[in-house]
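Undergrad: Predicted model and sequence below, questions to follow.
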Amino acid sequence: MKSPLIVEPMFHIGPVPVTQPVVATWVIMAVMVLGALLLKRHLKQRPGKVQVVAELVTGALDDQIRDVVQSDPAPYRVLIGTIFLFVLIANWSGALPGVEPPTAHLETDAALALMVFVATLYHGVRSNGFIGYLKTFAQPTWVMIPLNLVEQITRTFSLIIRLFGNVMSGVFVIGIMLSLAGLLVPIPLMALDLLTGAVQAYIFAILGCVFIGAAVSEGREAGSPERSAP
Amino acid sequence: MRIDWWTIGLQTINLVVLLWLLGRFFFRPMAKVVADRQAAANALLDDAKAVQDKAAEAIREAEAERERTVAAREAALDAARKEAEGQRAKLVEAAHAEAQRQRADAEMAIAHARGQAEAQMTRHANELAADMAARLLEGPGAKLPLSAFLPELEQALAALPEATRETLATSASPASLVSARPLADEEKNMARDTIERALAHEAALAFDSDPALIAGLRLSGGMAVLDVNLRADLNRVTARLDKQDG
Amino acid sequence: MTIEEISVLSAAIAVSFGALGPGLGEGRAVAAALDAIARQPESAGTISRTLFVGLAMIETMAIYCLVVALLVLFANPFVK
């Protein structure tokens, strides 16, 4: 059986090896941007069906962000929304035959978590100032400084591993099922995979939002209730 | 286990590009369209609110107008009531005055009637007294001698104006001498003498008698009538009494 | 017993124990959530959303075990 942890390069552009997740990501990007362009061209005051769905999604996103951050969702909307939509579509792309979702590989998840990490630092510094953001690591007492620093790293890793493990395990289980009984048997598992993919996309986005919100609000109020995650 | 750093880098770049593209082509236009619609809806709501406000204003005005009308009507009613009361008071007063006046009239009429009745009664009493006096005097009067009246006649004649004295008892217009009882010739001569003395000329006299004189004489001729008798005295007394009572 | 056999055995043990704890935890979480929804049906949306997030968090433990098992199976540093 092929190891799910190793990706082989499909081809090389100069010295750069291009792997299968990268190609899949390009395709997904192309689909999303094309869809966005089509939608943008047909944006109207009186929305059609597609526009209604799109507005519903963005409205729900705004509501969730507002719930978590407790402030105007506008600065976080693009990042959180993009992460959510990309992870969702990537997870669901596994349902297409012959496509392996890019999120089933550690590198894509690492890139996503890296973005969240950088955004957390950026928003923390932006709203509290550099010194102010550093001071939040000493809360509630200075004893917590190493723990808080480690937490920053571990929660990012847990973000990576959670998404990777969920999606990869789904793909892996379906692969095993296919090798055992090819016809019809994997279908319930694939349906479960779709549900898991949606839930994981939601969780990834919300956790990123929670991290950013904690970094923003820690300067204001000591000890946010939703700040740590396993 | 091998981490493919190239893939991580490529995916990161991919995702950043996707972030930018989606932000540019999806989230901003969506937010814009939603905001635009919100603004349009707000404008509509504002318009509706303005219309509603206007309607409320109109209702308030109508209310105020109605209240004004009601107030005016009440004022008019009040004024009418007051006027009616005033008129009634005036009427009552007028009626009172009228009643008072009528009562006063009636009282006056009653007083007048009483006065007249009293006057009549007095007059009757006077007449009765005169009658009684006449009856009483009838007997003794007849016994009085003519000489008791002649001096008085002489005085009365002397009191007459000269012109009247001269024309009295001339032959052209003889005077009549009326006595209470028929005179004897002797008495007639005595009377003629007295009259001629007073008139200083001859007297043409026609003698007559009238018991109504009770006692005494009446000389009448031309314009002059000289009463020297009890009847004339009684009449004078009665007239004075009447004048006093009336 | 070779190192490969020990690796397979340890992977199985890791996944089985890793499934046990989160299974119990998820059962308790779902029971509590159903209880809460039965008490307050009007807040079912919030509760189920929180439940899903919580379930995914708990499941992460099992996933960690799975990842460890896969590491043991496919990226074992002791296997040459």
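TA: Alright, I've got the coordinates.

Undergrad: If we go by neighbour counts, what in the helix or strand bottoming out on mean pLDDT in chain C is buried?
TA: Every helix and strand in chain C was compared by mean pLDDT, DSSP states H and E; the lowest is helix C:44-74, with a mean of 85. Within helix C:44-74, the residues scored as buried using 16 or more other Cβ atoms under 10 Å in any protein chain shown are C:47, C:51-74. To be clear about C-beta, it is placed using only N, CA and C from the backbone, and glycine gets the same treatment.

Undergrad: do stretch B:11-20 as well
TA: Within stretch B:11-20, the residues that qualify as buried are B:Gln11, B:Thr12, B:Asn14, B:Leu15, B:Leu18, B:Leu19, counting by 16+ other Cβ under 10 Å.

Undergrad: quick one: average confidence on it?
TA: Stretch B:11-20 comes out with an average pLDDT of 90.

Undergrad: how far does that stretch sit from the chain's center?
TA: Stretch B:11-20 sits 120 Å away from the centroid of its parent chain (Cα atoms, centre = their mean, to the nearest Å).

Undergrad: Repeat that for stretch A:189-205.
TA: The answer for stretch A:189-205 is 11 Å, by Cα atoms, centre = their mean.

Undergrad: before we move on, what about stretch A:51-64?
TA: 17 Å.

Undergrad: So which residue is dead centre in chain B?
TA: Centroid check for chain B by Cα atoms, centre = their mean gives B:Arg101 as the closest residue, at 6.8 Å.

Undergrad: Secondary structure element for it, which one?
TA: helix B:28-143 (DSSP states H and E).

Undergrad: Help me see whether that helix makes contact with chain A, please.
TA: Yes - using Cβ under 8 Å from any Cβ of the partner chain, helix B:28-143 comes into contact with chain A via B:Arg28, B:Pro29, B:Met30, B:Ala31, B:Val33, B:Val34, B:Asp36, B:Arg37, B:Ala40.

Undergrad: Save the residues you listed as CSV, and put in neighbour count and pLDDT too.
TA: Converted to CSV, the residues of helix B:28-143 next to chain A look like this (neighbours: other Cβ atoms under 10 Å in any protein chain shown; pLDDT from 0 to 100):
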residue, neighbour count, pLDDT
B:Arg28, 14, 86
B:Pro29, 16, 85
B:Met30, 24, 84
B:Ala31, 17, 85
B:Val33, 19, 84
B:Val34, 16, 84
B:Asp36, 12, 87
B:Arg37, 15, 86
B:Ala40, 11, 90
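
Undergrad: Show me which residues of chain C are close to chain B?
TA: Counting by Cβ under 8 Å from any Cβ, the residues of chain C close to chain B are C:Leu71, C:Phe74, C:Ala75.

Undergrad: ok, the residue of chain C found nearest chain A to chain B distance?
TA: Of all residues in chain C, C:Ile63 sits closest to chain A, at 3.3 Å by Cβ to the nearest Cβ. As for C:Ile63, its distance to chain B is 16 Å (criterion: Cβ to the nearest Cβ, to the nearest Å).

Undergrad: Now that residue: closest residue in space that isn't a chain neighbour?
TA: The shortest distance from C:Ile63 to any non-neighbouring residue, by Cβ to Cβ, 6 or more residues apart in numbering or on different chains, is to A:Gly165 (3.3 Å).

Undergrad: So B:Val178, which state does it fall into?
TA: strand (DSSP: H, G, I helix; E, B strand; the rest coil).

Undergrad: Kindly report the same for B:Asp208.
TA: Of the three states, B:Asp208 takes strand under three-state DSSP.

Undergrad: Sweet, I'm off.
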